[in-house]
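> here is my input, please return the structure:
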Amino acid sequence: MRGLHEQANPRHRLRVEHNEHTLLIHLSDEDAAGWTTIAVDRATRQWSVAQDARQSDTARGAYDALYEQ
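Residues are numbered from 1 along each chain as shown. Okay, the predicted model is just below:
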């Protein structure tokens, strides 16, 4: 997993993870109270988005929504 954070606000973070099939982009809220995850299928470029309080929940939700279609 790769990550970045805003220098002036280290609680505002961006994380990226991937495997051979899927790219997951995790973006924290400005105040770090929640997460937005974008899941992208690498072959088709179809995508889905999920928001929740925990990064693991948004990752699971975005991934499941992407591949349940």
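> who's in contact with stretch 16-33?
Stretch 16-33 is contacted from outside by 1-3, 9, 11-15, 34-43, 53, 55, 58-59, 62-63, 66, using C-beta atoms under 8 Å, 6 or more residues apart in numbering. All C-beta atoms are positioned from the backbone trio N, CA, C, and that covers glycine.
> mind running it again at 10 Å?
Stretch 16-33 is contacted from outside by 1-6, 9-15, 34-43, 45, 47, 49, 51, 53, 55-56, 58-59, 62-63, 66-67, using C-beta atoms under 10 Å, 6 or more residues apart in numbering.
> now stretch 34-52
So stretch 34-52 is contacted by 13, 15-29, 53-69 (C-beta under 10 Å, 6+ apart).
> among the contacts of stretch 16-33, which lie within helices?
Gln55, Ser56, Thr58, Ala59, Ala62, Tyr63, Leu66, Tyr67 (DSSP state H).
> returning to what we had before: which of the contacts of stretch 34-52 are buried? Put it as a ChimeraX command.
To isolate the buried ones among the contacts of stretch 34-52 in ChimeraX, judged by 16 or more other C-beta atoms under 10 Å, type:
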select :13,15,22,24,25,26,27,28,55,58,59,61,62,63,66
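> let's see the pLDDT reported for Ala33.
We have a pLDDT of 86 for Ala33.
> again but with Glu6, I slipped
69.
> again with Asp29
87.
> repeat for Arg45
pLDDT at Arg45 comes out at 97.
> give me the number of neighbouring residues for it.
8 (other C-beta atoms under 10 Å).
> again with Trp35
22.
> what bridges to it?
Note on Trp35: beta-bridge partners Ser28, Asp52, judged by DSSP bridges.
> how far off centre is stretch 27-40?
6 Å (C-alpha atoms, centre = their mean, to the nearest Å).
> stretch 50-63 now?
That offset, for stretch 50-63, works out to 7 Å (C-alpha atoms, centre = their mean).
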